[in-house]
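Novice: I would like the atomic coordinates for the input below:
(2 chains)
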Amino acid sequence: MPSVALDSAIRHLDDARTTPELVRATQAICAQEDPAAAPTLIKVLGYNNPAVAAVATQGLIALGRAIVPTLLMSLDAQNYGARAWVVRVIAALRDPRGLELLDRALQADIAPSVRRAATRGLAELDLVGSTAPADLSRCYLALFRAARDDEWVVRYAAAYGLERRLSLTPPPEPLADRGCALLQELSEECRENVKVVRLRAQLALQRLSTG
Amino acid sequence: MEPLSEAQVIANLRQTEDVPAQYYAAWWLGKMRSRHPQAVTLLLDTLSALSQVPVDPERRGVALNAIRALGMLQDAPALSALLPLLKSSDYSVREEAARSLGLHRATEAVGPLCHLIAGGPEQAGREQPGSALLQEPCEAILEALGAIGVATPSVIETITPFTQHPRPLIRAAACRALLQITGDQRWASELEQLLLHPEPLVRRGALLDLGATGWTASLPAIEAATVESSLKLVALRGLAEQSGDSTILDVMDRLL
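Specialist: I've put the predicted structure just below:
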């Protein structure tokens, strides 16, 4: 049940019209730190207003993993703008339940900034302990795809992600070999034409060999 | 739809019936950094539309794309065709030619570029009546002078007055050029001030300008700026590619 204070904050949001009003109302809802605010904050993500969405995103991240099921269920296939922000929230929460969503965003999303955020999320998901090995493989396969993305920033994120994954949880050998081979590919001028991607891949290879 | 092959794109540029196909072909060759042996010659051929009377607006569009592509392909023989375009009566042609000559780092363009803005902010930088355009494409010209990087006193004297231009984006372009040419911290400080400007458009411009200069000392200001991460990553790419400093990569990792 939403508290009285949250109810009142949500009413203020309904009355808000201008961007500063929407930002203030959203900040007030975030300040409640009440998981019951999640559906409202998710609705705000769909307003197509970056300033307001940025506030709501931070608020959702602060609510923590308890809201992941709400986030996953809320996913409104029609509202493209909201999807991008949900990907960012899931990526920041590192909740393994977000794997499917991040993988799909990486495969299907048109915006490079969303594929970039999804790649970072895949790099950082907490896939340890009880998690099925199948999840880890799926995560690696997604990162391998990111390494071949058309956009340099997604390949950059893949270099970051492969380094992080390979140093955190060493996977079965075939996956590790493939990951290193892709890093090698991203580090070579004849196969990667963006210098900063090569620099990042070289750094990853150097850290993995000395780590 | 199947993506076009390079051979098909070249054929599309060579024919003259389907102008939209030429327009796309001219853009494509630049974007893909085509090394096709016919590419530069065919792009140069499209420039003849600019000297027709009257100028056909569609073929002018093809020519403008061709000027941009010739800048990206960086093929030296194109320079002798690009230089005279700075004297065109068409503002957009002068603007695109300036950008392309900047990409070429064409030192022979420095004199003509300086000549265009020698009148300073009050003349070259004055608004055209009833238009948002200035008399000259000052931003493109200043950026080109910075990219070419010839550091003579007369170049510096020509650029410096534009750091006082009423438009913040022109000030940013002048500071960027002076930072590239002189390496004087003072111009980086001016750009960092513009990073705090209330207008998002100005903050974005100043951010990309700092990135283009490769001025590593501005890393903390770039990281702290109120600008979307996607754009910060583009600016930091510029910084990282020029300095190779791995602390820049650490900042980029945090922004992903």
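Novice: got a list of what whichever residue of the stretch 151-256 of chain B sits closest to chain A touches?
Specialist: Taking C-beta to the nearest C-beta, chain A has its nearest neighbour within the stretch 151-256 of chain B at B:Leu256, 4.1 Å off. Any C-beta I mention is one placed from the backbone N, CA and C, and that applies to glycine too. By C-beta atoms under 8 Å, 6 or more residues apart in numbering or on different chains, the residues touching B:Leu256 are A:116-117, A:119-120, A:153, A:156-157, A:160, B:229, B:233.
Novice: just the residues you listed now: which is nearest B:Leu133?
Specialist: Distance to B:Leu133, by C-beta to C-beta, is smallest for B:Leu233 among the contacts of B:Leu256, at 30.9 Å.
Novice: so where does that closest one fall, helix or strand?
Specialist: helix B:229-243 (DSSP states H and E).
Novice: swap in B:Leu44?
Specialist: Residue-wise, B:Leu44 maps onto helix B:39-46 under DSSP H and E.
Novice: Now the element after that helix, going C-ward?
Specialist: With DSSP H and E, the next secondary element past helix B:39-46 is helix B:57-73.
Novice: quick check: angle from that next one to helix B:39-46?
Specialist: 150 degrees (axes from the mean of the first three to the mean of the last three C-alpha atoms, to 10 degrees).
Novice: Could you export helix B:57-73 as CSV, CA atoms only?
Specialist: These are the backbone C-alpha positions of helix B:57-73, laid out as CSV (Å, rounded to 0.1, in the frame of the first residue of the first chain):
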residue,chain,number,x,y,z
PRO,B,57,19.1,22.9,-56.3
GLU,B,58,19.2,19.1,-56.4
ARG,B,59,22.5,18.9,-58.1
ARG,B,60,23.8,21.5,-55.7
GLY,B,61,22.8,19.0,-52.9
VAL,B,62,24.9,16.3,-54.6
ALA,B,63,27.9,18.7,-54.9
LEU,B,64,27.6,19.6,-51.2
ASN,B,65,27.7,15.9,-50.3
ALA,B,66,30.6,15.4,-52.6
ILE,B,67,32.6,18.2,-50.9
ARG,B,68,32.0,16.5,-47.5
ALA,B,69,33.1,13.2,-49.0
LEU,B,70,36.2,14.7,-50.5
GLY,B,71,37.1,15.9,-47.1
MET,B,72,36.7,12.5,-45.6
LEU,B,73,38.6,10.7,-48.3
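Novice: can you count the residues close to the closest residue to the residue of the stretch 151-256 of chain B closest to chain A other than its chain neighbours?
Specialist: Using C-beta to C-beta, 6 or more residues apart in numbering or on different chains and skipping residues adjacent in sequence, the residue nearest B:Leu256 is A:Arg120, 4.1 Å away. By the criterion of other C-beta atoms under 10 Å in any protein chain shown, A:Arg120 has 26 neighbours.
Novice: got it, and B:Glu127?
Specialist: 12.
Novice: Quick check on it: phi, psi?
Specialist: For B:Glu127, the backbone dihedrals (degrees, to the nearest 10) come out as phi -70, psi 140.
Novice: Contacts only, for it.
Specialist: Contacts of B:Glu127 by C-beta under 8 Å, 6+ apart are B:133-135.
Novice: ok, of these, which one's closest to chain A?
Specialist: Closest to chain A, out of all of the contacts of B:Glu127 and judged by C-beta to the nearest C-beta, is B:Leu133, at 28.8 Å.
Novice: In this structure the closest one contacts B:Tyr91, no?
Specialist: Yes - assessed by C-beta atoms under 8 Å, B:Leu133 is found in contact with B:Tyr91 at 6.1 Å.
Novice: Just give me the residue right at the centre of chain A.
Specialist: Taking C-alpha atoms, centre = their mean, the centroid of chain A lies closest to A:Ala91, which sits 2.7 Å from it.
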